[in-house]
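>>> What follows is a predicted protein model with its sequence.
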Amino acid sequence: MPNGSDARSGETRYLADVVLTCDEDFAMIERAAVDVGADGRLAWVGAAADAPATDAPVIDMGGLLMPGLVNTHAHTPMTLVRGAGDGLPLMAWLTEVMWPREGRLRPSDVWWGMTMGSVEMLRSGVTTTCEMYAFEHEVIDAGRQAGIRQVMCPGVLSVAHLDQGGSVADRVAEIARVHDEQNDPSGRVTVGFAPHSAYDLGVGPCAEIAAAARERDALLHIHVAETADEGDALANKHGGASVPRLLADAGALDGRVLAAHSVWLDDADLDIYASAGVAVAHCPVSNMKLGSGVARVPEMIERGITVSLATDGPASNDDLDLWEEIKIASLLARVTALDPTVMTAQQVISMATRSGGEALGLDIGVLEAGRWADMIRLDIDDVAFVPVTSPQELIAHVAWSGGSRHVTDVWVGGERVVADRVCLTVDESRARYEVQHRAQRLAQESGT
């Protein structure tokens with residue numbers, strides 16, 4: 001690369017055989033250069049032959065560079081209860097197995113659960129996760145040390161925060177303090193608010209939490225319409241109104257809202273989402289495993305609703321591999337519609353990258369100057385990527401043949417956190433040991 005007097009300093013230039021930008025045009029650049037600034041943001045992306053002069057180190061990575069994947073709904077510390085309660089319907093799974101074990105969690109348990117889950121995500125190419133959980137200080141600290149970008153949405157759950165008919169005010173004040181202390185848009189942690197659901201808390205408390213989120217322009221993250229009958233009690237109480245209608249009427253959808261699952265929505269509900277600008281975290285594998293149903297994603301997209309992809313927790317999936325969601329989301333939509341043209345490879349890859357960034361309100365998910373340098377390298381010198389006779393075929397390979405096994409290197413904010421498939425930030429063997437032994441204790445103490 002040529003040097004010159006106008007060369008930028010403090011950068012690193014990466015060369016790749018292919019860059020998949022995941023921008024609105026879904027540009028694919030062959031023999032490309034990606035410049036990462038000292039501030040952790042992308043300084044330049046384009047063809048290597050057109051790259052500006054630089055004095056920076058030049059590293060030829062080969063392979064394919066693309067944005068890191070964005071997991072928009074997870075309960076990652078539930079690595080501690082992975083596999084428990086398999087085969088139970090949602091409410092029995094929660095009340096008979098999950099909540100009894102989680103009720104015995106210690107802060108250090110959550111730290112190790114989040115640490116191990118962060119390794120799993122980073123190694124599979126997930127660079128950002130939106131977490132809905134308690135023990136928010138431990139989740140934030142573990143994620144920060146692992147190097148993953150996170151939107152931490154401390155949860156509010158009736159079993160923990162509405163005992164004996166109490167108010168959510170104390171919990172809201174607690175989350176507000178976490179937001180004021182930890183929210184850092186210029187760093188890797190942002191903080192939102194997460195009422196579990198209207199069926200658990202009631203509409204009034206959800207609206208109260210939503211108001212606190214709006215005061216801080218923070219994300220409100222909530223489960224909506226995951227199962228067919230979870231809103232029946234509320235509907236019976238409120239003249240048949242759906243949960244989206246009730247939340248909208250209470251003002252709970254007025255701010256920045258990310259609704260997880262959103263499986264059982266009718267046309268009126270979808271129109272409410274579109275009008276309010278509600279984004280969706282689509283969790284196809286979890287929805288299938290728990291027998292919850294199939295979300296109407298094509299109809300959402302037609303209405304202009306931002307639909308992102310998510311794994312849900314590692315106890316209802318049971319992994320944190322977003323590549324599975326990429327493939328299954330599209331296949332599920334196609335087989336449901338009996339239409340192979342529904343949800344293209346470009347659309348579903350965008351859902352895991354650009355749309356994820358949009359749903360979370362972060363400068364991620366696209367490789368373009370000014371955004372965070374959250375990116376991954378795929379090894380395309382692999383049988384799964386052969387043959388390639390056109391750019392469209394390579395994109396198809398990424399969506400249908402690609403997977404976590406092809407992720408070799410990962411950067412978050414310009415920092416390399418995975419190199420040659422090894423996580424550089426966490427002692428993985430120690431994390432596995434800690435989670436195994438802590439999980440055994442939880443199972444014994446809860447008797448489940």
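Everything's here; your move.
>>> use CA for all of it now, contacts and neighbours both
OK.
>>> pLDDT weak spots in the stretch 51-200 of the chain?
Scanning the stretch 51-200 of the chain for pLDDT under 70 picks out 160-166.
>>> Glu434 against Trp112, yeah?
Yes. If you go by C-alpha atoms under 8 Å, Glu434 and Trp112 touch, sitting 6.6 Å apart.
>>> Give me the more crowded residue out of the two.
Higher neighbour count among Glu434 and Trp112: Trp112, with 24 against 17, using other C-alpha atoms under 10 Å.
>>> so for stretch 311-328, what's the average pLDDT?
For stretch 311-328, mean pLDDT is 96.
>>> what's the spacing between the closest residue to Gly414 other than its chain neighbours and Gln444?
Nearest residue to Gly414 in three dimensions, chain neighbours excluded: Gly40, at 4.4 Å (C-alpha to C-alpha, 6 or more residues apart in numbering). According to C-alpha to C-alpha, to the nearest Å, Gly40 stands 45 Å off from Gln444.
>>> more crowded one of those two?
Gly40 (19 against 10).
>>> That one touches Met375, doesn't it?
No. Contact criterion C-alpha under 8 Å: Gly40 and Met375 do not qualify, at 11.2 Å.
>>> any shared contact partners between these two?
Val412 (C-alpha atoms under 8 Å, 6 or more residues apart in numbering).
>>> what about Ile301, which helix or strand?
helix 297-302 (DSSP states H and E).
>>> Buried residues in that helix, which are they?
297-298, 300 (16 or more other C-alpha atoms under 10 Å).
>>> about what we covered before: please report phi then psi for the residue nearest to Gly414.
Phi and psi for Gly40, reported as degrees, to the nearest 10, are phi 80, psi 10.
>>> which residues sit in contact with it?
Taking C-alpha under 8 Å, 6+ apart as the test, what Gly40 contacts is 372-373, 412-415.
>>> and these as CSV, adding distance to Ala173 and pLDDT?
Rendered in CSV, the data for the contacts of Gly40 read as follows (distance: C-alpha to C-alpha, whole Å; pLDDT from 0 to 100):
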residue, distance to Ala173, pLDDT
Trp372, 31, 98
Ala373, 34, 98
Val412, 31, 98
Gly413, 31, 98
Gly414, 34, 98
Glu415, 34, 97
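>>> buried subset of those?
Among the contacts of Gly40, the ones that count as buried by 16+ other C-alpha under 10 Å are 372-373, 412-414.
>>> Gln347: helix or strand, and which one exactly?
Counting by DSSP H and E, Gln347 is found in helix 345-352.
>>> now do Gly291
Using DSSP H and E, Gly291 falls outside every helix and strand.
>>> Quick check: Ala38 touching Glu11?
Yes. Between Ala38 and Glu11 there is a contact under C-alpha under 8 Å: 5.5 Å.
>>> Neighbour count: those two, which is higher?
In this view Ala38 and Glu11 are compared by other C-alpha under 10 Å, and Glu11 has more residues nearby, 22 against 15.
>>> Now that one. Nearest residue, chain neighbours left out?
Setting aside the residues directly before and after it, Glu11 is nearest to Gly37 in space (C-alpha to C-alpha, 6+ apart), at 4.4 Å.
>>> For Trp44, give me its contacts.
Applying C-alpha under 8 Å, 6+ apart, the residues near Trp44 are 33-36, 51, 368-369.
>>> A strand includes Trp411, no?
Yes. With DSSP: H, G, I helix; E, B strand; the rest coil as the criterion, Trp411 is assigned to a strand.
>>> Against Gln436, how distant is it?
28 Å.
>>> just Gln392 next, same as before
43 Å.
>>> neighbours around Leu20, how many?
20.
>>> what's the spacing between it and Ile301?
22 Å.
>>> Now do Leu290, the pLDDT please.
89.
>>> Give the full set of residues in contact with it.
Neighbours of Leu290 in contact, by C-alpha under 8 Å, 6+ apart: 87-90, 316.
>>> Filter these down to the buried ones and hand me the PyMOL line.
Burial among the contacts of Leu290 is assessed by 16+ other C-alpha under 10 Å; the matching PyMOL selection reads:
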select buried, resi 90+316
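>>> related to what we said a few turns ago, which ones among the contacts of Trp44 are found in strands?
33-36 (DSSP state E).
>>> that older thread, look at Gln392 and Gln436 and report which has more neighbours.
Gln436 (15 against 12).
>>> what helix or strand is the more buried one on?
Counting by DSSP H and E, Gln436 is part of helix 428-446.
>>> on that earlier part again, looking at the contacts of Trp44, spot the one nearest Val388.
Ala33 (21.1 Å; C-alpha to C-alpha).
>>> Surely that closest one is in contact with Ala43?
No. When contacts are counted by C-alpha under 8 Å, Ala33 is not listed as touching Ala43 (10.5 Å).
>>> So which of these two has more stuff around it?
Taking other C-alpha under 10 Å, Ala33 and Ala43 do not tie; Ala33 has more neighbours (28 against 22).
>>> quick one: contacts for that one?
Contacts of Ala33 by C-alpha under 8 Å, 6+ apart are 13-16, 44-48, 51.
>>> please redo it, this time with the cut-off set to 6 Å
Ala33 makes contact with 14-15, 45-48, according to C-alpha atoms under 6 Å, 6 or more residues apart in numbering.
>>> Could you report the distance from Ile175 to Ala134?
Distance from Ile175 to Ala134, by C-alpha to C-alpha: 10 Å.
>>> Compare neighbour counts for these two and give me the winner.
Neighbour totals were compared for Ile175 and Ala134, and Ile175 leads with 25 against 22 (other C-alpha under 10 Å).
>>> State the pair within the contacts of Gly40 that is farthest apart.
Longest span within these, C-alpha to C-alpha: Trp372 and Glu415, 10.5 Å.
>>> and Gln392, backbone torsions?
Dihedral angles (degrees, to the nearest 10) for Gln392: phi -60, psi -30.
>>> so which strand or helix has the residue nearest the centre of the chain?
Nearest to the mean C-alpha position of the chain, by C-alpha atoms, centre = their mean, lies Asn71 at 1.6 Å. Using DSSP H and E, Asn71 sits in strand 69-74.
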